[in-house]
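S.K.: Sequence plus the predicted model coming up.
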Amino acid sequence: MTYDLIVIGSGPGGYVCAIRAAQLGLKTAVVEKDPTFGGTCLNVGCIPSKALLHASHMFEEAAHGLAPLGVMVDPPRLDLAAMMKHKDDTVGANVNGVAFLFRKHKIESFRGVGRLKGAGRVEVVGPDGAVQTLETKNIVLATGSAVAPLRDASGAEIAIDEKLILSSTGALALAKTPKRLVVVGAGVIGLELGSVWRRLGTEVTAIEYLDRILPGFDLEIAARFQKILEKQGFDFRLASKVAGIERTGTGKNERAVVSYSSVDGATSDKIEADAVLIATGRIPFTQSLGLEDAGVALERGRIVIDEGFATNVPGVYAIGDVVRGPMLAHKAEDEGIAVAEILAGQAGHVNYGVIPSVVYTMPEVAAVGMTEEDAKSRGIEVAIGKFPFTANGRARAMRATDGFVKIIADAATDRVLGVHILGAAAGELIAEAAVLMEFSGSAEDLARTCHAHPTLSEAMREAAFAVAKRAIHM
Ligand code: FAD
């Protein structure tokens, strides 16, 4: 049997691509090596982390957030096993949802490791070692990413055992709350998972190579966010690099001793911890795909593609974490839709200038488009409008006044180039900015749009007013 499309990998890139292709009438199959569909995002990424972030936030609210509202409760007790069950149930519902959608759209699935075997052929090696070869007109590689290894001062890779030395996967499944957690890397994943455990009672120290947290985000937002996290109990060691991790003690008493030094080498220190989370990034996953034999070009580990997601090998396309661009689920999904549409003869397209990023802490951080630093480095003259949540009535009613909205507009045209939000529900509010920017909107367009009162979204409008120095409530 010949397929129109075989997708290798069923993460948000692959499964969304398969569904869109089937909707457009392409005979589609998916090859997935893991027992469940959904990839990193649904199984060990976005979804389980958000389940634990929500549950741990509820725990912290019950402990500290309710009394100021006049809701008196006894100090909450943690049932970690029940919290983990909530996470597992959430994952289960989502991965089963993908299986349901595959059935609904008559997408065939093959369990096993997929490998390119020449033009239009994919070999699948099943979990029992059985090999079958599938024929297809087109192939989309959507094999995602894996945890980037951390190397010690001697260059040796630090082994992750998911008990004492953890990747994000292990940090989502601890059976006991660690007393002290060292997080290596103060990026999105480190700060989200660090927040989960801090809320549940862990002392969290984050070691970061750069002299700031949240690399890639607007510097002013990151600096304010750092202060808020410090108030919450995070201990940051910035401009510092890990030299090595030693294990001491055995069994229950086993600990990790993390040695680190300042990046300039002037100072060094050690921290003992009962868990270390390595969160220094992710690398494209291309193992066992047969890329070399098929002649598929890679650049710095990522599969090289053109604007239409085509690799250098005819009929082979790639999307998601395994190609250039931000490693985000919605970026992978958008690419999945676009490549399916291209294969069906339509004009699939992704606007890389308007891909939001969200950190799901409390407060949240959300951004879309250029940072102030990006605009300056490109020599663009900007007009910036900011509005603090302390001046927003709804935020006061919710006792969620930390943070602000920052809108960066082109000083000459007023077109919005970037929006950055630190605050409760920032991850929801950023969608308004993405829609505005997708339509090439101006700060004036946003300022003239009526926003319901009282809502957090009024802070968006006020920041847009502030671009022209006419905020009402400030
Ligand atoms: P993946 O989701 O990695 O899926 C790839 C799939 O391919 C996997 O199922 C894998 O088993 C399969 N595969 C690989 N090789 C083969 C092969 N040869 N044969 C068959 N199958 C194969 N992003 C967000 O946007 N929002 C978030 O909140 C967010 N939170 C995250 C939290 C954590 C802890 C982590 C680790 C990541 C998070 N991400 C988040 C990133 C997000 O998970 C990824 O960007 C996204 O999963 C990428 O999708 P993908 O389809 O490219 O790859």
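M.R.: Yes, it's here. Numbering: from 1, shown residues only.
S.K.: Do a quick rundown of the helices in the stretch 51-200 of the chain.
M.R.: In the stretch 51-200 of the chain, the helices defined using DSSP state H, counting those that start in this stretch lie at 80-104, 168-171, 188-199.
S.K.: List just the one of those that sits closest to residue 358.
M.R.: Of all the helices of the stretch 51-200 of the chain, helix 188-199 sits nearest to residue 358, with 8.3 Å by CB to CB. Heads up, the C-betas are built off the backbone N, CA and C, glycines and all.
S.K.: Summarise which helices and strands the closest one is packed against.
M.R.: Secondary-structure packing of helix 188-199 (3 or more CB pairs under 8 Å, 6 or more residues apart in numbering; DSSP states H and E): helix 46-60, helix 168-171, strand 180-184, strand 203-207, helix 219-232, strand 275-278, strand 357-359.
S.K.: Now tabulate those in TSV and tack on distance to residue 313.
M.R.: Shown next, in TSV, are the helices and strands packed on helix 188-199 (distance: least, CB to CB, whole Å):
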stretch	distance to residue 313
helix 46-60	30
helix 168-171	32
strand 180-184	37
strand 203-207	41
helix 219-232	40
strand 275-278	34
strand 357-359	31
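S.K.: Looking at those, spot the one closest to residue 141.
M.R.: helix 46-60 (20.7 Å).
S.K.: Make JSON lines out of the helices and strands packed on helix 188-199 and add mean neighbour count and mean pLDDT.
M.R.: Formatted as JSON lines, the helices and strands packed on helix 188-199 follow (neighbours: other CB atoms under 10 Å; pLDDT from 0 to 100):
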{"stretch": "helix 46-60", "mean neighbour count": "20", "mean pLDDT": "98"}
{"stretch": "helix 168-171", "mean neighbour count": "21", "mean pLDDT": "98"}
{"stretch": "strand 180-184", "mean neighbour count": "25", "mean pLDDT": "98"}
{"stretch": "strand 203-207", "mean neighbour count": "22", "mean pLDDT": "98"}
{"stretch": "helix 219-232", "mean neighbour count": "17", "mean pLDDT": "98"}
{"stretch": "strand 275-278", "mean neighbour count": "26", "mean pLDDT": "98"}
{"stretch": "strand 357-359", "mean neighbour count": "22", "mean pLDDT": "98"}
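S.K.: Export these as CSV, with columns for distance to the ligand.
M.R.: Below are the helices and strands packed on helix 188-199 laid out as CSV (distance: least, CB to the nearest ligand atom, whole Å):
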stretch, distance to the ligand
helix 46-60, 4
helix 168-171, 4
strand 180-184, 12
strand 203-207, 15
helix 219-232, 16
strand 275-278, 10
strand 357-359, 7
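S.K.: between these, which gets nearest to residue 412?
M.R.: Nearest of those (CB to CB): helix 219-232, 22.3 Å.
S.K.: Quickly note the distance from the spatially most central residue of the chain to residue 435.
M.R.: Closest residue to the average C-alpha location of the chain: residue 328 at 5.1 Å, with CA atoms, centre = their mean. Note on residue 328: its distance to residue 435, by CB to CB, to the nearest Å, is 18 Å.
S.K.: and what of residue 31?
M.R.: For residue 31, the distance to residue 435 - CB to CB - is 35 Å.
S.K.: Those two - which one has more neighbours?
M.R.: Taking neighbours as other CB atoms under 10 Å, residue 31 and residue 435 compare with residue 31 leading, 26 against 13.
S.K.: my guess is the more buried one contacts residue 7, does it?
M.R.: Yes. Between residue 31 and residue 7 there is a contact under CB atoms under 8 Å: 7.2 Å.
S.K.: I figured residue 49 hits residue 172, correct?
M.R.: Yes. With contact defined as CB under 8 Å, residue 49 counts as touching residue 172 (6.3 Å).
S.K.: What pLDDT does the model give whatever residue of the stretch 101-250 of the chain ends up closest to the ligand?
M.R.: Per CB to the nearest ligand atom, residue 144 is where the stretch 101-250 of the chain lies closest to the ligand, at 2.0 Å. Residue 144 is assigned a predicted lDDT (pLDDT) of 98.
S.K.: Where does the stretch 351-474 of the chain get nearest to the ligand, which residue?
M.R.: The ligand sits closest to residue 360 of the stretch 351-474 of the chain, with a gap of 6.0 Å, by CB to the nearest ligand atom.
S.K.: And the stretch 251-400 of the chain, by the same measure?
M.R.: Closest point on the stretch 251-400 of the chain to the ligand, by CB to the nearest ligand atom, is residue 320, at 2.2 Å.
S.K.: quick one, what contacts that residue?
M.R.: When contacts are counted by CB atoms under 8 Å, 6 or more residues apart in numbering, residue 320 touches 9, 11-14, 142-144, 331-332, 335-336.
S.K.: how's the protein carved up into domains?
M.R.: Domains of the chain are assigned by the TED database as 2-146+283-344, 165-280, 356-468.
S.K.: Quick one: closest of the ones you listed to residue 153.
M.R.: Closest among these, once you apply CB to CB, is domain 165-280, at 4.2 Å.
S.K.: Run the chain-centre distance for the closest one.
M.R.: Chain-centre distance of domain 165-280: 18 Å, with CA atoms, centre = their mean, to the nearest Å.
S.K.: Same question for stretch 316-326.
M.R.: Counting by CA atoms, centre = their mean, stretch 316-326 comes out at 15 Å from the chain centroid.
S.K.: For it, measure first residue to last.
M.R.: 21 Å (CA to CA, to the nearest Å).
S.K.: what comes up buried for it?
M.R.: 316-323, 325 (16 or more other CB atoms under 10 Å).
S.K.: Take those and keep only those in helices.
M.R.: Within those, no residue falls in helices by DSSP state H.
S.K.: can you tell me which of those are in strands?
M.R.: Counting by DSSP state E, these place 316-318 in strands.
S.K.: Tell me where the stretch 351-474 of the chain has helices.
M.R.: Applying DSSP H, counting those that start in this stretch to the stretch 351-474 of the chain gives helices spanning 372-377, 393-397, 426-438, 443-447, 458-467.
S.K.: Mean neighbour count, the ones you listed: which tops it?
M.R.: helix 458-467 (a mean of 26; mean count of other CB atoms under 10 Å).
S.K.: average pLDDT across that helix?
M.R.: Rounded mean pLDDT across helix 458-467 is 98.
S.K.: got the residues of the chain near the ligand?
M.R.: Residues of the chain lying close to the ligand (CB under 6 Å from any ligand atom) are 8-14, 31-34, 39-41, 45-46, 49, 113-114, 142-145, 168, 189, 285, 288-289, 320-321, 327-330, 332.
S.K.: Any idea how many residues pack against the closest residue in space to residue 359 that isn't next to it in sequence?
M.R.: Computed as CB to CB, 6 or more residues apart in numbering, the closest residue to residue 359 that is not its neighbour in sequence is residue 365, at 4.1 Å. Residue 365 has 28 neighbouring residues, counting by other CB under 10 Å.
S.K.: what's the spacing between residue 365 and residue 273?
M.R.: 25 Å.
S.K.: what's the answer for residue 98, then?
M.R.: Applying CB to CB, the value for residue 98 to residue 273 is 36 Å.
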